[in-house]
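A.B. asks: Here you go, sequence then predicted model.
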Amino acid sequence: MQSSPSPTVRYLLMQLLNVIPEFTALEPFRDNNLNTWRTQGAHSLLTSTKNSIVLSVNQREYASTLFSEAQHLLNHASEHRAHLLDYKNIKDEPSPSWVFVSLYYFSLFIAMAWTRVANGAVLYLDKEAIIEYCGSASIKPGGGAYKASLALDSTTGAAKVNLRKCSTSHFHEAVWIAVSNEVESAIVWIISLSNSRKPTSEELLSLRALNLFRGLSFNDPLVWPSMLRNAINYRPGYSYRTVINHNFLRIRSRLERPSFLHFEELVAFGERAKSATRGVAHPSEIANDSVELLIAQSLVLESFTEDALASICDVRNLESSAGRLRQRFNRKYCNTNSILAKVTA
């Protein structure tokens, strides 16, 4: 982590400071996640409607769970990275389409971690989960994708978690939409810092990085990673073409590109990839350029998310082994010169 967090990390840190108080216990994190918290955590129903659930919670317990889940999701991404970098050394590409699916999930897990750090965790609640939260309440929502946000009562200081149903019931799409919405909020906040002065170089770089998510010409620009994944994995005859010796995906050649020397180089790469998508209605029309944009967006989000988690530990004087364990894993399995290497903002 940088000694002075980037503007985007400071934005995320504001969200984490509202969620994670001093003296929050972050260990053991290994079995701590929102699914086990649902069945074992200290929460009780305050209200429920057709579209939302509001729970009274123990703030430190929920904060510890949210922190741990973000770390778990970054671990998921790290294991996908290791798999992808191992694939980079294979001489023949038996299935670049399936390798893309791993790249997609690498990106999705980072995106999910971003929503946790931004205090807007997107999760899927089925009927069983709704009953667990709402019990015998006469009015309760149906299953689907939900956004979970913690807030403190301004009068009592009591912690509440609002679980609000997302605009789409499709979980993956809900994650991508939430990422874009939080990016917009971060952009507005960073711009506000320089209302009465010239923006700093750090602010401009953060804005360039976040602008990689804006202004895409795809028909559904907020959920385009899912559009590309659905085309590659589920459209018969479009991809999975090794058997007929007619692959168009060039995943390995992209993974063979060298690591980015610094964050600005990553952002410039993303800007070039984004420029290649201009005027294109569907990412499948330019799959390889879309892959490059997905890589750039993912590394940007990962860098900001990792730094935000480290920053909250510094500010709150908290200890967690999660980051150190991931660093050890990355040194063992991901220590290679590749475009997919982690980049520090």
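C.D. replies: Nice, I can see it.

A.B. asks: Near the nearest residue to R235 once chain neighbours are set aside, how many residues? Count them for me, please.
C.D. replies: Of all residues beyond its chain neighbours, the one nearest R235 is S284 (7.8 Å), with distances taken as Cβ to Cβ, 6 or more residues apart in numbering. The way it works is simple: take the backbone N, C-alpha and C, and place the C-beta from them, glycine included. Other residues near S284 number 19, with proximity taken as other Cβ atoms under 10 Å.

A.B. asks: Hmm, S284 is touching S226, no?
C.D. replies: No: with contact defined as Cβ atoms under 8 Å, S284 and S226 do not form a contacting pair (11.7 Å).

A.B. asks: what are the ranges of the helices in this structure?
C.D. replies: Assigned helices in the chain, in chain order: 7-19, 34-40, 59-87, 96-117, 127-134, 171-193, 201-210, 224-234, 251-255, 263-276, 287-316, 322-333 (criterion: DSSP state H).

A.B. asks: what about this structure, any weak spots by pLDDT?
C.D. replies: Low-confidence segments of the chain, defined by pLDDT under 70: 1-3, 344-345.

A.B. asks: Can you tell me which residue is spatially central in it?
C.D. replies: Ranked by distance to the mean C-alpha position of the chain (Cα atoms, centre = their mean), the top residue is A111 at 1.5 Å.

A.B. asks: Quick check: it touching L301?
C.D. replies: Yes: contact between A111 and L301 holds when scored by Cβ under 8 Å: they sit 6.3 Å apart.

A.B. asks: Name the residues contacting each of those two.
C.D. replies: Between them, A111 and L301 share the neighbouring residues V179, with contact defined by Cβ atoms under 8 Å, 6 or more residues apart in numbering.

A.B. asks: which residues touch H282?
C.D. replies: In this structure, H282 makes contact with 218-219, 227, 231, judged by Cβ under 8 Å, 6+ apart.

A.B. asks: gap between it and N337?
C.D. replies: 33 Å (Cβ to Cβ, to the nearest Å).

A.B. asks: didn't M227 look like it was pressed against P283?
C.D. replies: Yes: A contact is recorded between M227 and P283 when judged using Cβ under 8 Å, the distance being 5.6 Å.

A.B. asks: higher neighbour count, the two?
C.D. replies: Here M227 and P283 are set side by side on neighbour count (other Cβ under 10 Å), and the busier one is P283, at 26 against 19.

A.B. asks: surely that one meets W224?
C.D. replies: Yes: taking contacts as Cβ under 8 Å, P283 lies within contact range of W224: 5.0 Å.

A.B. asks: which residues are common contacts for those two?
C.D. replies: 218, 290.

A.B. asks: Give me the angle between the longest strand anywhere in the chain and helix 171-193.
C.D. replies: The strand of greatest length in the chain, counted in residues with DSSP state E as the criterion, is given as strand 144-152. Relative orientation of strand 144-152 and helix 171-193, computed by axes from the mean of the first three to the mean of the last three Cα atoms, to 10 degrees: 40 degrees.
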